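Participant: Here's my sequence, what's the structure:
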Amino acid sequence: MSVKHTEVFGITEDIAKGILEAALSTGGDFAEVYIENSANEVLMMRERKLANANASKVMGAAVRVIKDGTEVNASVTDFTPEKLMATAKVLADSFEGEKRVDVLPFVEKTVPIAVDPKYIRGEDYTEELKLLSGATEGAYGYSPEIVQVMANLTKKEQRIFVFASDSTWQTDYRCNTRIMCQAIASDGKDMQPAHSSFGRNQGMEMFEGFDPVEFGRNAAFNAVEMLHADQMQGGEMPVVIHNGFGGVILHEACVHGLEATSVAKGMSVFCGKLGEKVASDIVNAVDDGTGENLWGSINVDDEGTPAKRNLLIENGILKSYLVDKRNSAKMNHPITGSSRRESYKYQTTSRMTNTYFLPGESTFEEIIANTKYGLFAKEMGGGSVNPATGEFNFAVDVAYMIEDGKITKPVKGATLVGSGKDVLLRIDMIGNNLEYGYGMCGSMSGSVPTIVGQPTIRVSSMTVGGKGGK
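Facilitator: Here you go, the predicted structure:
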């Protein structure tokens, strides 16, 4: 006995079935409709004043049909049943043939709740402004050399509904909230920026126990430290990459190469490597969309597949790629709950959620003490990566030298150059101090919230660039 599902966004089961049947009428193998209703808010404080308060809405739908591996898509701002039906018929006209697949009875899966926002916002933004003011005053109060502070709080509240011919009928609700603070230090000649960031897929309850003043002071401390740092003198050396946002190395130099967007096209250095050794024996890494209210977590992905904890690397052996529905058949690989999109305007495809190295057995102090000479990359910055080769170039925002097993002078201008496959094999110590960093990952399906994370790791040898000594 089938159970009728609740109407969502004005779409009943019968309406949904009719739209999908129209989409499949010319021999399509799969049809899907994704509907979104999102609200975005940005509050920005600059030089102790509220400089910007912006609110916007995004509403629309995406329809796609796949036949023999070829995918056609359309996005519309009007998701009335009539408009969706018309769009489905237009997409069906992209193919020629007779109907060969039936729409399966819809099944709404029971999904473990990973994301459950509670208290989305204050009534008049008093709480939000207090957070921004606290971060601002914390940064300015740290040092007279702090000449400019910018703090902002962003919030994206998103409701989605996905129904598809393979029986999918799923909804999800997300609320990605993030606070950031940038401090700029100056000695009258040079200027040096630094920033702090904290985000969760949660409402204002995420700030319980959060100290905005200390948050701002952290950005100011790093700016002042790097303002007075010596220029890095480059060379080959061991590099200790600190916990938290240091995981951008794993994210960019490795796991982008595990996404089906690269692997299915044969454009990844990790193609055909499942079951093979790709990292040192102590390396274990996951992409986990199920972490409770974490910044990159989701209850279901944007194809309606429940989020999963995907073990990517186990004891140095490659175990899994990140795969969406379309590429699952092409790659003969299980679907991993990893299909994501910025909005209905983008085609959905395989993406990361919360990606990090698992903790090891060493303490931070042991890693430093066992490093005779090298670089301590405390805070990583941006960079560029070629997924086909894994070659990367990353800036280090905050760095120190390690000499005789001790952290010594600060250095600036350091860059890390190498390839992901080499770095993974050269990791010889992993800490027990897992932390997360909070970012937005851009790719062909737009910009999505992702966590990069790791405990402190040591890479036995890396090329470090710098202008010192020149």
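Participant: any weak-confidence spans in the chain?
Facilitator: Applying pLDDT under 70 to the chain flags the ranges 1-4, 469-470.
Participant: ok, which stretches of it are helices?
Facilitator: For the chain, applying DSSP state H gives helices covering 13-23, 81-92, 126-142, 212-227, 248-253, 260-263, 325-331, 364-369, 420-426.
Participant: Between helix 13-23 and the second one, find me the angle.
Facilitator: Using axes from the mean of the first three to the mean of the last three C-alpha atoms, to 10 degrees, the interaxial angle of helix 81-92 with respect to helix 13-23 works out to 20 degrees.
Participant: From the contact counts, what lies against helix 81-92?
Facilitator: If contacts are counted by 3 or more C-beta pairs under 8 Å, 6 or more residues apart in numbering; DSSP states H and E, helix 81-92 sits against helix 13-23, strand 30-46, strand 49-67, strand 70-76. For glycine as for every other residue, the C-beta is placed from the backbone atoms N, C-alpha and C.
Participant: what do you get for the last one?
Facilitator: Under the contact criterion of 3+ C-beta pairs under 8 Å, 6+ apart, the helices and strands touching helix 420-426 comprise helix 248-253, strand 457-465.
Participant: how about 6 Å then?
Facilitator: Packing partners of helix 420-426 (3 or more C-beta pairs under 6 Å, 6 or more residues apart in numbering; DSSP states H and E): strand 457-465.
Participant: Need the contact partners of stretch 297-308.
Facilitator: 111, 114-115, 162, 168, 170, 172, 201, 289-291, 325, 335-337, 339-341, 348 (C-beta atoms under 6 Å, 6 or more residues apart in numbering).
Participant: I meant to write stretch 45-52 there.
Facilitator: 44, 132, 136, 150-151.
Participant: Please work out which of the helices of the chain is packed deepest.
Facilitator: helix 248-253 (a mean of 26; mean count of other C-beta atoms under 10 Å).
Participant: got the contact list for that one?
Facilitator: Taking C-beta under 6 Å, 6+ apart as the rule, helix 248-253 contacts 355, 357, 380, 385, 390, 392, 420, 452.
Participant: Give the single residue among the residues you listed positioned nearest to residue 39.
Facilitator: Closest approach to residue 39 among those (C-beta to C-beta): residue 452, at 26.3 Å.
Participant: how many neighbours does the closest one have?
Facilitator: Residues lying near residue 452 (other C-beta atoms under 10 Å) number 27.
Participant: So the closest residue to residue 271 other than its chain neighbours versus residue 324, what's the distance?
Facilitator: Leaving aside its chain neighbours, residue 271 sits nearest to residue 263 (5.6 Å; criterion: C-beta to C-beta, 6 or more residues apart in numbering). Per C-beta to C-beta, to the nearest Å, residue 263 is found 11 Å from residue 324.
Participant: do the same with residue 271
Facilitator: For residue 271 relative to residue 324 (C-beta to C-beta), the value is 17 Å.
Participant: Give me the more crowded residue out of these two.
Facilitator: Between residue 271 and residue 324, residue 324 has the larger neighbour count (other C-beta under 10 Å), namely 26 against 17.
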